[in-house]
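**Student:** I'd like to go over a predicted model; first the sequence, then the structure.
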Amino acid sequence: MLKPSKFAIALALLIVAGSAYAPATAATKVKAGASCSKANSTTKISGDTYVCTKNPLVKNAKLTWVWTGCITANKQYNDSVARLATLKAGAAEAQAKINQLKIDLPTDEAKAKEFDAKAAAAKVKQDNALTEAAANAAKVTQYGLTSDAGRAYQKNVDLWNKNATTYGLAVKNFQRAAAALRDKASQIDKEQKKLDLNNQSIAAANVEIASNNDTRKQACTPGL
């Protein structure tokens, strides 16, 4: 099996993170993968930068000279895993919301119908109030606004118009309440579209993780 090429690995890192590392050109006294003592110190080996650290892919690893391309590749892999976890949490939350909305639909529709009935009853009262206001207004015209009877009927007109306005506001409020409850049906569709997009992102994240893991395995090959 051929040893992974640093140039190929660096090119893969360039595609993901926009950075690359120069390929090895000549041997030096310090060898890649050799033991080192000062953590996080760096050195140049054949033109590449190495850091004294534990190889993230080696079990019970000790301090060795690890190519910085390995460190970058490992970070990219871990970042993609973290993104996937966030996406999955968001998908679970969205699905739970959809499930609850579906459970609430029958109850919400029953409540909406109650508001429909209240709106209809308020509308009848509004219409009656307007009818009474019109009847009293006719009496004002009959007796004259300056007469005692006319002034009394005018008070009735004002009162019935006020009642009609109050009932009209009640009609609108009951209608809004019913509409808000029924809006949950369309809200389910909106949430489902968001969930579908989230699931697409999850699928893409899984592909990204697999690609980053392959690059990481190559970049972190002991002694590379």
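**Tutor:** Happy to help now that I have it.
**Student:** alpha carbons only for contacts and neighbour counts from here, please
**Tutor:** Fine.
**Student:** what lines up beside the longest strand along the chain in the sheet?
**Tutor:** When every strand of the chain is counted residue by residue (DSSP state E), the longest turns out to be strand 48-54. The pairing partners recorded for strand 48-54 under DSSP bridges are strand 42-45 (antiparallel), strand 63-67 (antiparallel).
**Student:** Please identify the deepest-packed of the ones you listed.
**Tutor:** Mean neighbours per residue, mean count of other CA atoms under 10 Å, is largest over those for strand 63-67, with a mean of 26.
**Student:** circling back: output the strands paired with strand 48-54 in a markdown table, with distance to residue 73 appended to each entry.
**Tutor:** Shown next, in a markdown table, are the strands paired with strand 48-54 (distance: least, CA to CA, whole Å):
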| stretch | distance to residue 73 |
| --- | --- |
| strand 42-45 | 17 |
| strand 63-67 | 10 |
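**Student:** closest one to residue 186 among these?
**Tutor:** Closest approach to residue 186 among these (CA to CA): strand 63-67, 53.8 Å.
**Student:** picking that back up, let's have the strands paired with strand 48-54 in TSV, adding mean pLDDT and distance to residue 106.
**Tutor:** Listed next are those as TSV, based on pLDDT from 0 to 100; distance: least, CA to CA, whole Å:
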stretch	mean pLDDT	distance to residue 106
strand 42-45	96	66
strand 63-67	97	61
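**Student:** Quick check on the residue located most distally from the centre of the chain: phi, psi?
**Tutor:** Most distant residue from the mean C-alpha position of the chain: residue 147, 68.9 Å away (CA atoms, centre = their mean). The phi/psi pair for residue 147 (degrees, to the nearest 10) reads phi -80, psi 160.
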